[in-house]
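*Asks:* Turn this into a structure:
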Amino acid sequence: MKAAPFLYVKPKSIDEAVALKERHGASARYLAGGQSLMPVLNFRLDRPDLLIDINGLSELRGVSNSGSGVKIGALTRHAEVAKSEIVKSQLALLSECIPHIAHPAIRSGGTFGGSVALADPAAEWPACCLALDARIVLRSSKGERRVEAKDYFLGLYDTARTENELLIRVEFPAVAAGTKAVALELARRRGDFAIAGVLAQAKKTGVRLENVRVVFFGISDRPVRLSAVEQGIAEGQPMETIHQAIDAGINPDDDIYQSGATKTHLAKVLLGRAVEQLRQ
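*Replies:* Purely as a prediction, here's the structure:
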């Protein structure tokens with residue numbers, strides 16, 4: 001298959017890119033890594049009139065320290081996140097996710113911002129944003145606005161980003177020293193999107209786990225964080241009680257591969273493994 005005809009433009013600034021999108025509206029698409037967009041175009045599931053290629057905007061690329069955490073530019077490739085010493089030392093949860101993300105060729109082309117903008121519920125980066133209280137920075141002709149991750153992911157491929165906004169970076173607050181992170185998932189084949197996944201992070205103090213963060217992904221129309229599960233782990237509740245909190249907090253739909261009950265079971269199994277690793 002080949003994409004339907006479209007016009008192509010490569011802006012030289014963020015302002016130019018935003019102006020083009022606002023001028024053309026719903027008939028235009030931003031092109032970053034293209035790992036999700038290009039297959040959709042080739043199957044003609046989407047037929048935009050204009051592609052706005054933002055790959056030349058170097059200010060949207062890179063990982064850097066901020067005064068209170070870490071910034072990751074929207075055009076930063078997955079492979080660049082994997083190699084970043086800042087990420088390795090300050091955002092261990094992201095580093096734990098890297099081996100699960102697709103395959104080397106896709107990690108070399110796909111972008112961090114593209115994954116967050118698409119908001120696939122089975123993807124790792126959106127789940128990381130929710131687990132770490134990230135802020136998604138969006139740009140339009142009206143300026144920048146920041147959206148908390150808990151308010152950004154609204155449903156299946158649905159976010160708080162408006163039609164004409166460009167995601168320019170994600171800001172992560174600082175993580176306490178000594179924090180341990182675990183990323184586990186099950187997929188039909190390694191590198192495929194997760195059937196069920198869990199991200200867990202905590203700081204071990206004696207036999208207790210503190211500042212617990214748990215996010216499930218692949219089991220709902222968006223990543224899911226359950227405060228009752230986090231509290232149960234921090235309080236050392238038995239896993240049976242924590243499983244009840246999972247049952248109360250999620251209700252996965254059946255799909256063509258697994259039932260909702262299977263996904264719930266897998267989420268519980270993965271959480272048990274993650275907690276065991278955090279306590280080691």
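
*Asks:* Which parts of the stretch 151-280 of the chain are strands?
*Replies:* In the stretch 151-280 of the chain, the strands defined using DSSP state E, counting those that start in this stretch lie at 153-155, 158-159, 166-173, 179-186, 196-205, 208-217, 224-225.

*Asks:* which one of the ones you listed lies closest to Ala102?
*Replies:* Closest of the strands of the stretch 151-280 of the chain to Ala102 is strand 179-186, at 12.2 Å (criterion: CB to CB). (C-beta placed from N, C-alpha, C; glycine too.)

*Asks:* Just the CA trace of that closest one, in PDB.
*Replies:* Extracted as PDB, the C-alpha positions of strand 179-186 are listed here (Å, rounded to 0.1, in the frame of the first residue of the first chain):
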ATOM      1  CA  THR A 179      14.800   4.800  44.800                       C
ATOM      2  CA  LYS A 180      14.500   1.400  43.100                       C
ATOM      3  CA  ALA A 181      12.500   0.800  39.900                       C
ATOM      4  CA  VAL A 182      11.100  -2.200  38.200                       C
ATOM      5  CA  ALA A 183       9.400  -2.600  34.800                       C
ATOM      6  CA  LEU A 184       7.700  -5.900  33.900                       C
ATOM      7  CA  GLU A 185       5.400  -6.800  31.100                       C
ATOM      8  CA  LEU A 186       4.100  -9.800  29.100                       C
END
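
*Asks:* Could you list every helix and strand in contact with it?
*Replies:* Packing partners of strand 179-186 (3 or more CB pairs under 8 Å, 6 or more residues apart in numbering; DSSP states H and E): helix 92-97, strand 196-205, helix 260-279.

*Asks:* go with 10 Å
*Replies:* In terms of contacts (3 or more CB pairs under 10 Å, 6 or more residues apart in numbering; DSSP states H and E), strand 179-186 is packed against helix 92-97, helix 124-131, strand 196-205, strand 208-217, helix 260-279.

*Asks:* tell me the most buried of the ones you listed?
*Replies:* Ranked by mean neighbour count, the helices and strands packed on strand 179-186 are led by helix 124-131 with a mean of 27 (mean count of other CB atoms under 10 Å).

*Asks:* for the record, mean pLDDT for that one?
*Replies:* The average pLDDT for helix 124-131 rounds to 98.

*Asks:* helix or strand right after that helix?
*Replies:* Once the chain leaves helix 124-131, the next helix or strand it forms, by DSSP states H and E, is strand 135-140.

*Asks:* angle of that following strand against helix 124-131?
*Replies:* Using axes from the mean of the first three to the mean of the last three CA atoms, to 10 degrees, the inter-axis angle of strand 135-140 relative to helix 124-131 is 110 degrees.

*Asks:* And the contacts of the helix or strand following strand 135-140?
*Replies:* Sequence order places strand 143-148 as the next helix or strand after strand 135-140, per DSSP H and E. For strand 143-148, the external contacting residues (CB atoms under 10 Å, 6 or more residues apart in numbering) are 14, 129-130, 133-139, 152-153, 159-162, 165-171.

*Asks:* again, only using 7 Å
*Replies:* Defining contact as CB atoms under 7 Å, 6 or more residues apart in numbering, one finds that strand 143-148 is touched by Arg135, Ile136, Val137, Leu138, Ala160.

*Asks:* Same check on stretch 93-106?
*Replies:* Applying CB under 7 Å, 6+ apart, the external contacts of stretch 93-106 come out as 35, 78, 81-82, 87-88, 107, 110, 124, 128, 131-132, 181-183, 185, 191, 199, 201.

*Asks:* Quote the end-to-end distance of that stretch.
*Replies:* End-to-end span of stretch 93-106 (CA to CA, to the nearest Å): 20 Å.

*Asks:* Off-centre distance for it?
*Replies:* Its chain's C-alpha centre and that of stretch 93-106 lie 11 Å apart, by CA atoms, centre = their mean, to the nearest Å.
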